[in-house]
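Trainee: let's see this in three dimensions:
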Amino acid sequence: MTYCVGLLLDAGIVLLSDTRTNAGLDNIATYRKMFLFEEPGERAIGIMTAGSLSITQTTMARLTDAIEEGDNPKSIMHAPTMLQVAEIVGGMLSDVTSEVSAKMERMSQNATASMIVAGQRKGGPMRMFLIYPEGNFIEATADTPFLQIGEHKYGKPILDRVIAPGT
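Mentor: From the prediction side, this is the model:
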């Protein structure tokens, strides 16, 4: 099971992810779960993924294709704010989730994924969002300066007690 945590602190953003993937008792593999996109001096965007690999890999491939196309309005590298980056990622994740889910329903199966998107663009504040499979999202705040996805049931009590913006 994947575990990812993002911390939005006064001193900066910390993103941590593991790479374990378990597709059965004896089918354990390693896949990248954190992706960084940056234009030095202009913006830095980190995306962490958890859930169905078919959904996360397709979503990341489409986001990367949009960046490589240059003038694509769905490019996270052209979004003027981090809020709009979250909206682009959420829209892409929702579209891919719907497409894959329609195929999975024929086999009486389901698949979902979630993402954490964090970063900063020149002149803007650091921001971090948890993107749900439906494409909606929540934002980290001073009250809750961390977000988790994946297998997080044991980490939350520790983070609740230890992490504050001043950490």
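Trainee: which helix of this protein spans the most residues?
Mentor: Determined from DSSP state H, the single longest helix within the chain is helix 82-105.
Trainee: pLDDT averaged over that helix - what is it?
Mentor: Mean per-residue pLDDT for helix 82-105: 91.
Trainee: could you work out the end-to-end span of stretch 151-160 for me?
Mentor: End-to-end span of stretch 151-160 (C-alpha to C-alpha, to the nearest Å): 16 Å.
Trainee: so where's the protein uncertain?
Mentor: By pLDDT under 70, the low-scoring segments of the chain are 1, 20-29, 154.
Trainee: hmm, 80 instead?
Mentor: Scanning the chain for pLDDT under 80 picks out 1-2, 19-30, 102-110, 151-158, 160-161.
Trainee: returning to what we had before: between the very next helix or strand once past the longest helix of the chain and helix 82-105, how many degrees?
Mentor: Where DSSP states H and E defines the elements, the next helix or strand beyond helix 82-105 is strand 113-121. Calculated by axes from the mean of the first three to the mean of the last three C-alpha atoms, to 10 degrees, strand 113-121 forms an angle of 160 degrees with helix 82-105.
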